[in-house]
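Chemist: kindly return the folded structure for what I paste below:
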Amino acid sequence: MREVTATGQTIEQAVQLALQQLSSTKEEVEIEVIEDGKKGFLGFGAKPAKVFVVKKKTLIEKAYDYLSNIVQSLDETADISYELQEQKEESFVFTIKGEKVALIIGKRGNTLNALQFLVQTFVNRHSKQLIHVVVDAENYRLKRKESLEILAKKTAQSVLKTRKAISLEPMPSFERKIIHHILTDMPNITTKSIGQDPYRQLVIDFKKPIRG
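Modeler: So this is what the prediction gives:
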């Protein structure tokens, strides 16, 4: 239930009744007074106060609407679900399904990454605390993570063999972090990012062992 019309002897009583039905606080709702109510005289002419109370949309619901408006222009069949995850930091996770998922994902996830960036920007513009946003489609994020792990290990082996640095294709920071994390403990391998977004690249290089 997102909205309710309630009556009471006073406006305050009507509002409290509406809040109980919506399981909300005053800060979480918008209140419209329909009738002020009248006490009447000697029991005659009394009228109850009436209010219309609507739950305000939460930030994740606003973000959902924002994302839906964009995605619907790409695929009218698209269906978006969302969930709030609270682990190390609060995260909004949006999952897209539809007939044109390949279009929504784009080449190497470029379109999906752009959608995620837009929603991330929207959310943190309206939040006092940093909120992590993930926009996924058909489990692409997991598949991409697995392919990045393979790429990282294969490239690191080439670097160890040739002892020459290799620059990977430009990718967003969260993908570079995946590769960096995978190679952090690999002996004689170091990683660094160069360039400016959106063309920032990860460089995998050979680190000479320190001799005592």
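Chemist: report the mean confidence score over stretch 98-109.
Modeler: Mean pLDDT, computed over stretch 98-109, is 93.
Chemist: any idea what the spatially most central residue of the chain is bridged to?
Modeler: Central residue of the chain (CA atoms, centre = their mean): Val133, 2.8 Å from the mean position. Using DSSP bridges, the bridge partners assigned to Val133 are Phe92.
Chemist: please apply the same query to Lys38.
Modeler: On the basis of DSSP bridges, Lys38 is bridged to Lys47.
Chemist: pull the number of nearby residues for it.
Modeler: By the measure other CB atoms under 10 Å, the count of residues near Lys38 is 11. The C-beta positions use only the backbone N, C-alpha and C, and glycine is treated the same way.
Chemist: report pLDDT for it.
Modeler: 78.
Chemist: before we move on, what about Gln196?
Modeler: 93.
Chemist: give me every residue that touches it.
Modeler: Gln196 sits next to no residue when contact means CB atoms under 8 Å, 6 or more residues apart in numbering.
Chemist: quick one: the strands in the protein?
Modeler: 3-8, 29-35, 49-55, 79-86, 90-97, 132-137, 166-167, 189-194, 201-206 (DSSP state E).
Chemist: which of those sits most buried?
Modeler: Here the criterion is mean neighbour count by mean count of other CB atoms under 10 Å, and of the strands of the chain the winner is strand 132-137, at a mean of 21.
Chemist: contacts for the top helix by length along the chain next, please.
Modeler: Longest helix of the chain, by residue count under DSSP state H: helix 140-162. By CB under 8 Å, 6+ apart, the residues outside helix 140-162 that reach it are 105, 109, 112, 134, 165-166, 168, 175, 178-179, 182-183, 186, 188-189, 204-206.
Chemist: can we see that at 6 Å?
Modeler: Residues outside helix 140-162 that contact it (CB atoms under 6 Å, 6 or more residues apart in numbering): 105, 109, 166, 178-179, 182-183, 186, 189, 204, 206.
Chemist: got those residues as a markdown table, with distance to Arg2 columns?
Modeler: As requested, the contacts of helix 140-162 are exported to a markdown table (distance: CB to CB, whole Å):
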| residue | distance to Arg2 |
| --- | --- |
| Ile105 | 32 |
| Gly109 | 34 |
| Ile166 | 54 |
| Ile178 | 39 |
| Ile179 | 44 |
| Ile182 | 44 |
| Leu183 | 48 |
| Met186 | 52 |
| Ile189 | 53 |
| Ile204 | 51 |
| Phe206 | 59 |
